[in-house]
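Chemist: pasted the sequence and its predicted model underneath.
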Amino acid sequence: MTSQEQPRRRRPAEADRRSSQGTEGRGNAHDEASPSANTSTTPIHEKNDSGDFTTLGLSATTLQAVDRAGYTQPTPVQSGVIPRAIAGVDVLGQAQTGTGKTASFVLPILELLTRSPGRGHGVRALVLVPTRELAVQVRDEFEKLAAGSNLRCVAVYGGKPIKAQIDKLTKNPEVVVGTPGRVLDHLSRGTLVLGILELVTLDEADRMLDIGFRPDIEKILRRCPQSRQTLLLSATVPPPVAKLATRYMRDPEILDFSTNEISVETIEQFYFTVDPTRKFALLEQLLEREQPRQAIVFCRTKRGTDKIHERLQRRRKNKKASVACIHGDLAQNVRDRVMRQFREGQIQVLVATDVVGRGIDVSGVSHIINYDIPEFCDDYVHRVGRTGRMGREGIAYTFVAPEEGTQLTRIEMRIDKLLERSEIEGFSALAPKPTATLPADQQQTGDGKGLSDSSGEAPAAPKPAPSLLGRKRGPKRFRKAL
Ligand code: AMP
(Lines give C-alpha, C1' and ligand atoms only; values in the text may rest on other atoms or scores of the structure.)
Protein backbone atom coordinates (compact mmCIF):
# COMPACT_ATOMS: atom_id res chain seq x y z
CA MET A 1 0.00 0.00 0.00
CA THR A 2 1.18 3.50 -0.63
CA SER A 3 0.85 5.95 2.19
CA GLN A 4 -2.22 7.47 0.54
CA GLU A 5 -4.01 4.15 0.60
CA GLN A 6 -3.33 3.46 4.25
CA PRO A 7 -6.47 3.33 6.33
CA ARG A 8 -6.46 6.12 8.83
CA ARG A 9 -5.48 4.76 12.22
CA ARG A 10 -7.08 6.16 15.30
CA ARG A 11 -7.55 5.56 18.93
CA PRO A 12 -10.87 6.41 20.47
CA ALA A 13 -10.98 9.57 22.53
CA GLU A 14 -10.88 7.58 25.72
CA ALA A 15 -7.96 5.48 24.54
CA ASP A 16 -5.89 6.13 27.63
CA ARG A 17 -8.32 4.30 29.77
CA ARG A 18 -6.11 1.25 30.09
CA SER A 19 -3.79 3.05 32.43
CA SER A 20 -6.68 4.42 34.44
CA GLN A 21 -8.54 1.12 34.48
CA GLY A 22 -5.89 -0.82 36.27
CA THR A 23 -6.71 -4.48 36.67
CA GLU A 24 -10.44 -3.86 36.90
CA GLY A 25 -10.04 -3.50 33.18
CA ARG A 26 -12.77 -3.96 30.69
CA GLY A 27 -16.43 -4.00 31.14
CA ASN A 28 -16.94 -1.43 33.83
CA ALA A 29 -16.56 2.27 33.88
CA HIS A 30 -16.74 3.53 30.33
CA ASP A 31 -20.37 3.80 29.45
CA GLU A 32 -20.22 7.55 29.36
CA ALA A 33 -17.59 7.79 26.65
CA SER A 34 -18.71 9.49 23.48
CA PRO A 35 -18.95 6.73 20.92
CA SER A 36 -19.66 9.07 18.06
CA ALA A 37 -16.06 10.17 18.26
CA ASN A 38 -15.20 6.83 16.72
CA THR A 39 -17.08 7.17 13.49
CA SER A 40 -15.26 9.75 11.47
CA THR A 41 -12.27 8.13 9.83
CA THR A 42 -11.55 8.51 6.16
CA PRO A 43 -12.56 5.38 4.30
CA ILE A 44 -10.24 3.64 1.90
CA HIS A 45 -11.63 1.84 -1.08
CA GLU A 46 -10.82 -1.57 -2.33
CA LYS A 47 -7.70 -1.60 -4.40
CA ASN A 48 -5.61 -4.35 -5.74
CA ASP A 49 -2.27 -2.85 -4.97
CA SER A 50 -2.05 -3.89 -1.34
CA GLY A 51 1.45 -5.31 -1.54
CA ASP A 52 2.44 -8.79 -0.80
CA PHE A 53 1.64 -11.33 1.93
CA THR A 54 5.35 -11.64 2.74
CA THR A 55 5.42 -8.07 4.06
CA LEU A 56 2.74 -8.63 6.71
CA GLY A 57 4.85 -10.36 9.35
CA LEU A 58 3.50 -13.86 8.74
CA SER A 59 5.75 -16.85 9.36
CA ALA A 60 6.80 -19.25 6.60
CA THR A 61 4.19 -21.80 7.79
CA THR A 62 1.32 -19.32 7.55
CA LEU A 63 2.60 -18.04 4.20
CA GLN A 64 2.49 -21.60 2.91
CA ALA A 65 -1.12 -21.85 4.05
CA VAL A 66 -1.95 -18.62 2.21
CA ASP A 67 -0.27 -20.00 -0.87
CA ARG A 68 -2.20 -23.28 -0.65
CA ALA A 69 -5.44 -21.30 -0.40
CA GLY A 70 -4.47 -19.68 -3.70
CA TYR A 71 -4.33 -16.14 -2.31
CA THR A 72 -1.61 -14.26 -4.13
CA GLN A 73 -2.19 -10.73 -2.92
CA PRO A 74 -3.67 -9.46 0.33
CA THR A 75 -6.80 -7.36 0.13
CA PRO A 76 -6.61 -3.91 1.75
CA VAL A 77 -8.33 -5.08 4.92
CA GLN A 78 -5.85 -7.93 5.21
CA SER A 79 -2.87 -5.62 4.64
CA GLY A 80 -4.19 -3.30 7.32
CA VAL A 81 -5.42 -5.68 10.01
CA ILE A 82 -2.97 -8.60 9.87
CA PRO A 83 0.27 -6.81 10.91
CA ARG A 84 -1.44 -4.95 13.75
CA ALA A 85 -3.23 -8.05 15.03
CA ILE A 86 0.01 -10.03 14.93
CA ALA A 87 1.65 -7.24 16.90
CA GLY A 88 -0.86 -7.94 19.67
CA VAL A 89 -2.88 -4.75 19.24
CA ASP A 90 -6.67 -4.72 19.70
CA VAL A 91 -8.09 -3.79 16.29
CA LEU A 92 -11.48 -2.45 15.29
CA GLY A 93 -11.67 -3.00 11.53
CA GLN A 94 -14.51 -1.34 9.67
CA ALA A 95 -15.05 -3.52 6.61
CA GLN A 96 -17.85 -5.03 4.60
CA THR A 97 -18.17 -8.69 3.72
CA GLY A 98 -16.62 -9.70 0.43
CA THR A 99 -13.45 -7.74 1.15
CA GLY A 100 -11.49 -10.69 2.55
CA LYS A 101 -12.18 -9.69 6.15
CA THR A 102 -12.49 -13.29 7.39
CA ALA A 103 -8.89 -14.12 6.50
CA SER A 104 -7.86 -10.80 8.05
CA PHE A 105 -8.61 -12.26 11.47
CA VAL A 106 -8.19 -15.98 10.73
CA LEU A 107 -4.56 -15.55 9.59
CA PRO A 108 -3.46 -13.69 12.77
CA ILE A 109 -5.21 -16.36 14.86
CA LEU A 110 -3.31 -19.08 13.00
CA GLU A 111 -0.07 -17.16 13.25
CA LEU A 112 -0.36 -16.47 16.98
CA LEU A 113 -1.47 -19.99 17.87
CA THR A 114 1.32 -21.66 15.92
CA ARG A 115 3.96 -19.37 17.43
CA SER A 116 3.47 -20.64 20.95
CA PRO A 117 1.87 -23.70 22.56
CA GLY A 118 -1.31 -23.37 24.64
CA ARG A 119 -0.95 -22.86 28.35
CA GLY A 120 -3.43 -25.40 29.63
CA HIS A 121 -6.94 -26.70 29.08
CA GLY A 122 -9.44 -24.71 27.05
CA VAL A 123 -10.05 -22.84 23.86
CA ARG A 124 -7.34 -20.40 22.72
CA ALA A 125 -9.32 -18.32 20.24
CA LEU A 126 -13.04 -17.60 20.09
CA VAL A 127 -14.88 -16.01 17.16
CA LEU A 128 -18.42 -14.71 17.70
CA VAL A 129 -20.63 -14.33 14.63
CA PRO A 130 -24.28 -13.34 14.15
CA THR A 131 -25.61 -16.28 12.12
CA ARG A 132 -25.26 -20.01 11.77
CA GLU A 133 -24.31 -19.66 8.12
CA LEU A 134 -21.50 -17.28 8.95
CA ALA A 135 -20.25 -19.64 11.67
CA VAL A 136 -19.95 -22.40 9.08
CA GLN A 137 -18.32 -20.07 6.60
CA VAL A 138 -15.71 -18.82 9.08
CA ARG A 139 -15.00 -22.38 10.22
CA ASP A 140 -14.50 -23.40 6.56
CA GLU A 141 -12.13 -20.50 5.93
CA PHE A 142 -10.20 -21.50 9.05
CA GLU A 143 -9.98 -25.11 7.91
CA LYS A 144 -8.84 -24.03 4.46
CA LEU A 145 -6.09 -21.87 5.89
CA ALA A 146 -5.15 -24.24 8.73
CA ALA A 147 -4.76 -27.27 6.46
CA GLY A 148 -1.44 -28.88 7.23
CA SER A 149 -1.31 -27.57 10.81
CA ASN A 150 -2.75 -29.52 13.73
CA LEU A 151 -5.00 -26.69 14.82
CA ARG A 152 -8.68 -27.56 14.99
CA CYS A 153 -11.75 -25.37 14.77
CA VAL A 154 -15.28 -26.23 15.87
CA ALA A 155 -18.41 -24.30 14.92
CA VAL A 156 -21.17 -24.10 17.54
CA TYR A 157 -24.56 -22.64 16.73
CA GLY A 158 -28.22 -23.10 17.56
CA GLY A 159 -30.59 -25.28 15.56
CA LYS A 160 -28.22 -28.25 15.70
CA PRO A 161 -28.22 -30.94 18.43
CA ILE A 162 -25.92 -29.78 21.17
CA LYS A 163 -24.61 -33.32 21.83
CA ALA A 164 -22.55 -33.52 18.63
CA GLN A 165 -21.01 -30.13 19.43
CA ILE A 166 -20.17 -31.25 22.97
CA ASP A 167 -18.42 -34.32 21.55
CA LYS A 168 -16.31 -32.10 19.31
CA LEU A 169 -15.53 -29.70 22.15
CA THR A 170 -14.28 -32.52 24.37
CA LYS A 171 -11.50 -33.06 21.81
CA ASN A 172 -10.03 -29.69 22.85
CA PRO A 173 -10.14 -27.62 19.65
CA GLU A 174 -7.92 -24.56 19.78
CA VAL A 175 -10.50 -22.38 18.02
CA VAL A 176 -14.28 -22.11 18.43
CA VAL A 177 -16.55 -20.12 16.12
CA GLY A 178 -20.08 -19.63 17.33
CA THR A 179 -23.22 -17.62 17.65
CA PRO A 180 -23.47 -15.86 21.03
CA GLY A 181 -26.50 -17.78 22.31
CA ARG A 182 -24.97 -21.20 21.71
CA VAL A 183 -21.57 -20.15 23.02
CA LEU A 184 -23.21 -19.00 26.22
CA ASP A 185 -25.08 -22.29 26.45
CA HIS A 186 -21.79 -24.21 26.25
CA LEU A 187 -20.19 -21.91 28.79
CA SER A 188 -22.96 -22.53 31.29
CA ARG A 189 -22.73 -26.31 30.76
CA GLY A 190 -18.97 -26.16 31.25
CA THR A 191 -18.41 -27.72 27.83
CA LEU A 192 -16.57 -24.60 26.71
CA VAL A 193 -13.84 -23.16 28.90
CA LEU A 194 -12.31 -19.75 28.29
CA GLY A 195 -9.72 -19.74 31.08
CA ILE A 196 -6.70 -19.68 28.73
CA LEU A 197 -8.33 -17.73 25.91
CA GLU A 198 -5.78 -15.57 24.08
CA LEU A 199 -7.89 -13.96 21.41
CA VAL A 200 -11.55 -13.11 20.92
CA THR A 201 -12.96 -11.85 17.61
CA LEU A 202 -16.35 -10.22 17.13
CA ASP A 203 -17.25 -10.59 13.47
CA GLU A 204 -20.05 -8.46 12.00
CA ALA A 205 -20.47 -6.78 15.36
CA ASP A 206 -23.08 -4.34 14.05
CA ARG A 207 -25.24 -7.21 12.87
CA MET A 208 -24.87 -9.06 16.18
CA LEU A 209 -26.09 -5.99 18.03
CA ASP A 210 -28.97 -5.48 15.54
CA ILE A 211 -30.14 -9.00 16.25
CA GLY A 212 -30.15 -8.28 19.97
CA PHE A 213 -27.07 -10.26 21.00
CA ARG A 214 -25.62 -7.46 23.09
CA PRO A 215 -26.39 -8.99 26.52
CA ASP A 216 -25.04 -12.39 25.44
CA ILE A 217 -21.89 -10.85 23.97
CA GLU A 218 -21.27 -8.89 27.14
CA LYS A 219 -21.73 -11.97 29.31
CA ILE A 220 -19.23 -13.86 27.15
CA LEU A 221 -16.69 -11.03 27.12
CA ARG A 222 -16.88 -10.75 30.88
CA ARG A 223 -15.88 -14.41 31.12
CA CYS A 224 -12.82 -13.95 28.89
CA PRO A 225 -9.46 -13.36 30.60
CA GLN A 226 -8.45 -9.70 30.91
CA SER A 227 -5.19 -10.44 29.16
CA ARG A 228 -6.81 -11.56 25.91
CA GLN A 229 -6.53 -9.65 22.65
CA THR A 230 -9.76 -8.47 21.00
CA LEU A 231 -10.47 -7.98 17.31
CA LEU A 232 -13.75 -6.47 16.16
CA LEU A 233 -14.92 -6.39 12.55
CA SER A 234 -17.99 -4.43 11.58
CA ALA A 235 -19.40 -2.99 8.36
CA THR A 236 -20.53 0.09 10.25
CA VAL A 237 -19.61 1.59 13.60
CA PRO A 238 -22.81 3.04 15.02
CA PRO A 239 -22.73 4.22 18.66
CA PRO A 240 -23.65 0.81 20.17
CA VAL A 241 -20.68 -0.84 18.44
CA ALA A 242 -18.35 1.98 19.47
CA LYS A 243 -19.62 1.62 23.03
CA LEU A 244 -18.90 -2.10 23.00
CA ALA A 245 -15.37 -1.40 21.76
CA THR A 246 -14.88 1.23 24.41
CA ARG A 247 -15.92 -1.09 27.20
CA TYR A 248 -14.32 -4.33 26.15
CA MET A 249 -11.30 -3.52 24.01
CA ARG A 250 -7.91 -2.40 25.15
CA ASP A 251 -6.80 0.79 23.51
CA PRO A 252 -8.19 -0.34 20.14
CA GLU A 253 -6.69 0.83 16.90
CA ILE A 254 -9.42 1.69 14.42
CA LEU A 255 -8.85 0.89 10.76
CA ASP A 256 -11.53 2.04 8.39
CA PHE A 257 -11.87 0.13 5.14
CA SER A 258 -15.53 0.95 4.67
CA THR A 259 -16.90 2.35 1.49
CA ASN A 260 -20.37 3.35 0.47
CA GLU A 261 -19.47 2.33 -3.02
CA ILE A 262 -19.28 -1.37 -2.36
CA SER A 263 -22.31 -1.84 -4.56
CA VAL A 264 -21.29 0.67 -7.15
CA GLU A 265 -17.95 -0.27 -8.55
CA THR A 266 -18.52 -3.62 -10.15
CA ILE A 267 -22.27 -4.07 -9.84
CA GLU A 268 -24.74 -2.76 -12.37
CA GLN A 269 -27.93 -1.71 -10.62
CA PHE A 270 -31.36 -1.21 -12.11
CA TYR A 271 -34.91 -0.84 -10.92
CA PHE A 272 -38.29 -1.73 -12.40
CA THR A 273 -41.42 0.17 -11.61
CA VAL A 274 -44.02 -2.53 -11.15
CA ASP A 275 -47.50 -2.96 -9.77
CA PRO A 276 -47.50 -5.45 -6.88
CA THR A 277 -49.87 -7.68 -8.87
CA ARG A 278 -47.41 -7.85 -11.79
CA LYS A 279 -44.31 -8.64 -9.74
CA PHE A 280 -44.31 -12.38 -10.21
CA ALA A 281 -44.86 -12.10 -13.96
CA LEU A 282 -41.99 -9.61 -14.09
CA LEU A 283 -39.77 -12.01 -12.16
CA GLU A 284 -40.46 -14.78 -14.63
CA GLN A 285 -39.80 -12.47 -17.59
CA LEU A 286 -36.61 -11.24 -16.04
CA LEU A 287 -35.26 -14.72 -15.28
CA GLU A 288 -36.14 -15.75 -18.81
CA ARG A 289 -34.37 -12.75 -20.31
CA GLU A 290 -31.30 -12.82 -18.10
CA GLN A 291 -30.69 -16.57 -17.78
CA PRO A 292 -28.60 -15.91 -14.66
CA ARG A 293 -25.73 -18.19 -13.75
CA GLN A 294 -26.98 -17.97 -10.16
CA ALA A 295 -29.51 -15.55 -8.71
CA ILE A 296 -30.78 -14.66 -5.27
CA VAL A 297 -34.36 -13.36 -5.16
CA PHE A 298 -34.84 -11.39 -1.95
CA CYS A 299 -38.27 -11.18 -0.32
CA ARG A 300 -39.20 -9.31 2.82
CA THR A 301 -41.10 -12.03 4.69
CA LYS A 302 -40.73 -15.75 5.27
CA ARG A 303 -44.24 -16.37 3.99
CA GLY A 304 -43.60 -14.33 0.87
CA THR A 305 -40.39 -16.28 0.31
CA ASP A 306 -42.22 -19.59 0.53
CA LYS A 307 -44.93 -18.39 -1.84
CA ILE A 308 -42.55 -17.14 -4.52
CA HIS A 309 -40.50 -20.30 -4.20
CA GLU A 310 -43.55 -22.53 -4.68
CA ARG A 311 -44.79 -20.54 -7.67
CA LEU A 312 -41.37 -20.54 -9.29
CA GLN A 313 -41.01 -24.26 -8.73
CA ARG A 314 -44.37 -24.92 -10.32
CA ARG A 315 -43.68 -22.69 -13.31
CA ARG A 316 -40.14 -23.82 -13.88
CA LYS A 317 -40.53 -27.54 -13.30
CA ASN A 318 -39.88 -28.28 -16.96
CA LYS A 319 -36.70 -26.29 -16.95
CA LYS A 320 -33.39 -27.71 -15.91
CA ALA A 321 -32.63 -24.88 -13.51
CA SER A 322 -33.36 -25.67 -9.90
CA VAL A 323 -35.01 -23.33 -7.43
CA ALA A 324 -34.77 -23.40 -3.63
CA CYS A 325 -35.59 -21.15 -0.74
CA ILE A 326 -34.01 -20.28 2.58
CA HIS A 327 -35.28 -18.41 5.61
CA GLY A 328 -35.13 -18.53 9.37
CA ASP A 329 -38.12 -20.90 9.86
CA LEU A 330 -36.46 -23.77 8.02
CA ALA A 331 -34.76 -26.52 10.01
CA GLN A 332 -31.03 -26.04 10.30
CA ASN A 333 -30.21 -29.17 8.31
CA VAL A 334 -32.39 -27.89 5.44
CA ARG A 335 -30.65 -24.49 5.56
CA ASP A 336 -27.26 -26.18 5.56
CA ARG A 337 -28.20 -28.38 2.62
CA VAL A 338 -29.59 -25.48 0.60
CA MET A 339 -26.48 -23.37 1.24
CA ARG A 340 -24.21 -26.26 0.29
CA GLN A 341 -26.10 -26.92 -2.94
CA PHE A 342 -26.17 -23.23 -3.76
CA ARG A 343 -22.44 -22.93 -3.12
CA GLU A 344 -21.82 -25.96 -5.33
CA GLY A 345 -23.89 -24.42 -8.12
CA GLN A 346 -26.64 -27.05 -8.05
CA ILE A 347 -29.23 -24.38 -7.30
CA GLN A 348 -29.67 -21.64 -9.85
CA VAL A 349 -32.29 -19.49 -8.18
CA LEU A 350 -32.40 -19.05 -4.41
CA VAL A 351 -35.39 -17.24 -2.93
CA ALA A 352 -34.37 -15.79 0.41
CA THR A 353 -35.12 -13.43 3.24
CA ASP A 354 -32.37 -11.21 4.56
CA VAL A 355 -31.05 -14.14 6.56
CA VAL A 356 -28.61 -14.72 3.71
CA GLY A 357 -28.29 -11.01 3.07
CA ARG A 358 -25.24 -10.70 5.26
CA GLY A 359 -21.94 -12.40 5.28
CA ILE A 360 -22.69 -15.29 2.98
CA ASP A 361 -20.11 -15.65 0.29
CA VAL A 362 -21.13 -17.55 -2.83
CA SER A 363 -18.90 -16.54 -5.65
CA GLY A 364 -21.13 -17.72 -8.50
CA VAL A 365 -23.96 -15.27 -7.83
CA SER A 366 -24.42 -13.21 -10.98
CA HIS A 367 -27.82 -11.65 -10.25
CA ILE A 368 -29.56 -10.14 -7.25
CA ILE A 369 -33.28 -9.53 -7.60
CA ASN A 370 -34.94 -7.47 -4.89
CA TYR A 371 -38.46 -8.80 -5.36
CA ASP A 372 -39.41 -6.66 -2.38
CA ILE A 373 -37.51 -3.43 -1.98
CA PRO A 374 -35.55 -3.65 1.27
CA GLU A 375 -36.93 -1.71 4.19
CA PHE A 376 -33.53 -0.43 5.30
CA CYS A 377 -30.89 1.07 3.05
CA ASP A 378 -28.12 -0.98 4.65
CA ASP A 379 -29.98 -4.16 3.77
CA TYR A 380 -29.90 -3.04 0.14
CA VAL A 381 -26.13 -2.74 0.28
CA HIS A 382 -25.80 -6.12 1.94
CA ARG A 383 -28.17 -7.84 -0.47
CA VAL A 384 -26.54 -6.37 -3.54
CA GLY A 385 -23.13 -7.18 -2.07
CA ARG A 386 -23.95 -10.89 -2.51
CA THR A 387 -22.94 -10.44 -6.14
CA GLY A 388 -19.81 -8.82 -7.50
CA ARG A 389 -17.78 -10.68 -4.85
CA MET A 390 -14.07 -9.95 -4.79
CA GLY A 391 -14.29 -7.62 -7.76
CA ARG A 392 -16.30 -9.91 -10.05
CA GLU A 393 -19.08 -8.45 -12.09
CA GLY A 394 -22.67 -8.60 -10.95
CA ILE A 395 -26.06 -7.14 -11.68
CA ALA A 396 -28.88 -6.17 -9.37
CA TYR A 397 -32.55 -5.44 -10.10
CA THR A 398 -34.94 -3.91 -7.62
CA PHE A 399 -38.71 -4.11 -8.02
CA VAL A 400 -40.30 -0.85 -6.91
CA ALA A 401 -44.06 -0.47 -6.48
CA PRO A 402 -45.47 2.94 -7.41
CA GLU A 403 -45.85 3.92 -3.77
CA GLU A 404 -42.30 2.85 -2.88
CA GLY A 405 -40.51 5.67 -4.66
CA THR A 406 -39.34 7.25 -1.43
CA GLN A 407 -37.59 4.04 -0.40
CA LEU A 408 -35.83 3.92 -3.75
CA THR A 409 -34.68 7.51 -3.35
CA ARG A 410 -33.28 6.74 0.11
CA ILE A 411 -31.33 3.81 -1.29
CA GLU A 412 -29.97 6.00 -4.06
CA MET A 413 -28.85 8.53 -1.50
CA ARG A 414 -27.25 5.82 0.63
CA ILE A 415 -25.18 4.46 -2.27
CA ASP A 416 -24.68 7.88 -3.82
CA LYS A 417 -25.83 6.67 -7.19
CA LEU A 418 -28.99 6.80 -9.25
CA LEU A 419 -30.30 3.41 -10.27
CA GLU A 420 -31.13 3.11 -13.92
CA ARG A 421 -34.65 2.24 -14.88
CA SER A 422 -35.09 -1.01 -16.73
CA GLU A 423 -37.96 -2.39 -18.75
CA ILE A 424 -38.71 -5.62 -20.52
CA GLU A 425 -39.64 -5.24 -24.12
CA GLY A 426 -43.27 -6.06 -24.78
CA PHE A 427 -44.07 -6.50 -21.09
CA SER A 428 -46.13 -4.00 -19.17
CA ALA A 429 -45.17 -4.04 -15.50
CA LEU A 430 -47.95 -1.60 -14.68
CA ALA A 431 -51.60 -2.57 -14.87
CA PRO A 432 -53.58 -0.17 -17.10
CA LYS A 433 -55.22 2.55 -15.06
CA PRO A 434 -59.02 2.87 -14.89
CA THR A 435 -60.18 5.63 -17.20
CA ALA A 436 -62.40 7.54 -14.77
CA THR A 437 -59.75 9.01 -12.55
CA LEU A 438 -59.13 12.21 -10.72
CA PRO A 439 -57.69 15.07 -12.69
CA ALA A 440 -53.98 14.57 -13.18
CA ASP A 441 -53.03 17.33 -10.77
CA GLN A 442 -54.94 15.65 -7.93
CA GLN A 443 -53.50 12.16 -8.26
CA GLN A 444 -51.51 10.63 -5.45
CA THR A 445 -47.94 10.65 -6.60
CA GLY A 446 -45.82 9.51 -3.67
CA ASP A 447 -42.52 11.08 -4.58
CA GLY A 448 -43.46 10.89 -8.23
CA LYS A 449 -41.66 7.71 -9.18
CA GLY A 450 -43.36 4.85 -10.86
CA LEU A 451 -46.72 6.24 -11.90
CA SER A 452 -48.13 5.06 -15.16
CA ASP A 453 -49.42 7.67 -17.53
CA SER A 454 -52.75 7.38 -19.29
CA SER A 455 -51.29 5.25 -22.06
CA GLY A 456 -50.44 2.57 -19.53
CA GLU A 457 -46.78 3.12 -20.26
CA ALA A 458 -44.53 3.72 -17.33
CA PRO A 459 -43.21 7.27 -17.43
CA ALA A 460 -39.57 8.09 -17.09
CA ALA A 461 -38.85 8.33 -13.40
CA PRO A 462 -38.19 11.83 -12.17
CA LYS A 463 -34.76 11.96 -10.64
CA PRO A 464 -34.18 13.18 -7.11
CA ALA A 465 -32.79 16.67 -6.87
CA PRO A 466 -29.12 16.65 -7.87
CA SER A 467 -28.30 18.63 -4.79
CA LEU A 468 -29.24 15.59 -2.70
CA LEU A 469 -27.33 13.12 -4.77
CA GLY A 470 -24.19 14.86 -5.82
CA ARG A 471 -21.06 14.42 -3.78
CA LYS A 472 -21.65 17.70 -2.01
CA ARG A 473 -25.27 17.01 -1.44
CA GLY A 474 -27.32 18.16 1.50
CA PRO A 475 -26.24 18.79 5.05
CA LYS A 476 -24.73 15.78 6.79
CA ARG A 477 -27.28 16.03 9.57
CA PHE A 478 -30.01 15.37 7.05
CA ARG A 479 -28.27 12.35 5.55
CA LYS A 480 -27.67 10.83 8.95
CA ALA A 481 -31.32 11.26 9.82
CA LEU A 482 -32.09 8.80 7.05
P1 AMP B 1 -14.85 -12.53 2.99
O2 AMP B 1 -14.91 -11.04 2.80
O3 AMP B 1 -14.01 -12.89 4.14
O4 AMP B 1 -16.23 -13.13 3.03
O5 AMP B 1 -14.09 -13.14 1.71
C6 AMP B 1 -14.64 -13.21 0.44
C7 AMP B 1 -13.99 -14.27 -0.42
O8 AMP B 1 -12.68 -13.89 -0.80
C9 AMP B 1 -13.82 -15.65 0.22
O10 AMP B 1 -14.23 -16.62 -0.71
C11 AMP B 1 -12.35 -15.78 0.49
O12 AMP B 1 -11.94 -17.12 0.45
C13 AMP B 1 -11.75 -14.97 -0.63
N14 AMP B 1 -10.47 -14.32 -0.31
C15 AMP B 1 -10.10 -13.80 0.89
N16 AMP B 1 -8.88 -13.24 0.81
C17 AMP B 1 -8.45 -13.40 -0.46
C18 AMP B 1 -7.26 -13.01 -1.16
N19 AMP B 1 -6.27 -12.36 -0.57
N20 AMP B 1 -7.18 -13.35 -2.47
C21 AMP B 1 -8.19 -14.00 -3.08
N22 AMP B 1 -9.33 -14.40 -2.48
C23 AMP B 1 -9.48 -14.09 -1.18
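Modeler: Ah, there it is. Residues are numbered from 1 along each chain as shown.
Chemist: quick one: low-confidence parts of the chain?
Modeler: Under the criterion pLDDT under 70, the flagged ranges of the chain are 1-51, 259-266, 317-321, 355-361, 388-392, 433-482.
Chemist: tell me which parts of it are close to the ligand?
Modeler: Contact residues of the chain with respect to the ligand, defined by Cβ under 6 Å from any ligand atom, are listed as 71, 73-75, 78, 97-103, 141, 361, 389-390. C-betas here are computed from N, CA, C, even on glycine.
Chemist: biggest separation within those, which pair?
Modeler: Between all members of those, the longest pairwise span (Cβ to Cβ) is found for Gln73 and Thr97 and amounts to 18.8 Å.
Chemist: those two: which has the busier surroundings?
Modeler: More crowded of Gln73 and Thr97, by other Cβ atoms under 10 Å: Thr97, with 24 against 14.
Chemist: so which of the residues of the chain next to the ligand comes closest to Leu330?
Modeler: Asp361 (19.9 Å).
Chemist: buried set for stretch 150-165?
Modeler: Buried residues in stretch 150-165, defined by neighbour count with 16 or more other Cβ atoms under 10 Å: 151, 153-157, 160, 165.
Chemist: still on that earlier bit, which of the residues of the chain next to the ligand ranks first by neighbour count?
Modeler: Highest neighbour count within the residues of the chain next to the ligand: Gln78, with 29 neighbours (other Cβ under 10 Å).
Chemist: separation between it and Ser363?
Modeler: Here the distance between Gln78 and Ser363 works out to 17 Å (Cβ to Cβ, to the nearest Å).
Chemist: then Thr353?
Modeler: Using Cβ to Cβ, Thr353 is found at 21 Å from Ser363.
Chemist: now swap in Ser322 and tell me
Modeler: Per Cβ to Cβ, Ser322 is found 18 Å from Ser363.
Chemist: which one of these two is surrounded by more residues?
Modeler: It is Ser322, of Ser322 and Ser363, that has more neighbours when counted by other Cβ under 10 Å, with 15 against 12.
Chemist: list the contacts of the closest residue to the more buried one other than its chain neighbours.
Modeler: Nearest non-adjacent residue to Ser322, counting by Cβ to Cβ, 6 or more residues apart in numbering: Ile347, 5.1 Å away. Residues in contact with Ile347, defined by Cβ atoms under 8 Å, 6 or more residues apart in numbering, are 294, 322-324, 338, 341.
Chemist: those in strands, which ones?
Modeler: Judged by DSSP state E, these include 323-324 as members of strands.
Chemist: what about burial for the contacts of Ile347, which qualify?
Modeler: Taking 16+ other Cβ under 10 Å as the criterion, what is buried in the contacts of Ile347 is 294, 323-324, 338.
Chemist: closest to the ligand out of those?
Modeler: Distance to the ligand, by Cβ to the nearest ligand atom, is smallest for Gln294 among the buried ones among the contacts of Ile347, at 14.6 Å.
Chemist: from the ligand, how far off is Pro336?
Modeler: I think there's a mix-up here, since residue 336 is Asp and not Pro. The gap separating Asp336 from the ligand is 18 Å, by Cβ to the nearest ligand atom, to the nearest Å.
Chemist: give me the number of residues near Glu375?
Modeler: With neighbours defined by other Cβ under 10 Å, the count for Glu375 comes to 11.
Chemist: no wait, Asp167
Modeler: Other residues within reach of Asp167 by the criterion other Cβ under 10 Å amount to 11.
Chemist: and Gly364, which helix or strand is it part of?
Modeler: Assigning secondary structure by DSSP states H and E places Gly364 outside every helix and strand.
Chemist: contacting residues for the closest residue in space to it that isn't next to it in sequence?
Modeler: Take Gly364 and drop its neighbours on the chain: the residue closest to it by Cβ to Cβ, 6+ apart is Gln294, 4.5 Å away. Applying Cβ under 8 Å, 6+ apart, one finds that Gln294 lies in contact with 342, 345, 347-350, 362, 364-367.
Chemist: rerun that using 6 Å as the cut-off
Modeler: With contact set as Cβ atoms under 6 Å, 6 or more residues apart in numbering, Gln294 has these partners: 348, 364-366.
Chemist: from those residues, which is closest to Thr61?
Modeler: When these are ranked by distance to Thr61 (Cβ to Cβ), Gly364 comes first, at 31.4 Å.
Chemist: relative to Asn370, how far out is that closest one?
Modeler: Distance check for Gly364 against Asn370: by Cβ to Cβ, it reads 19 Å.
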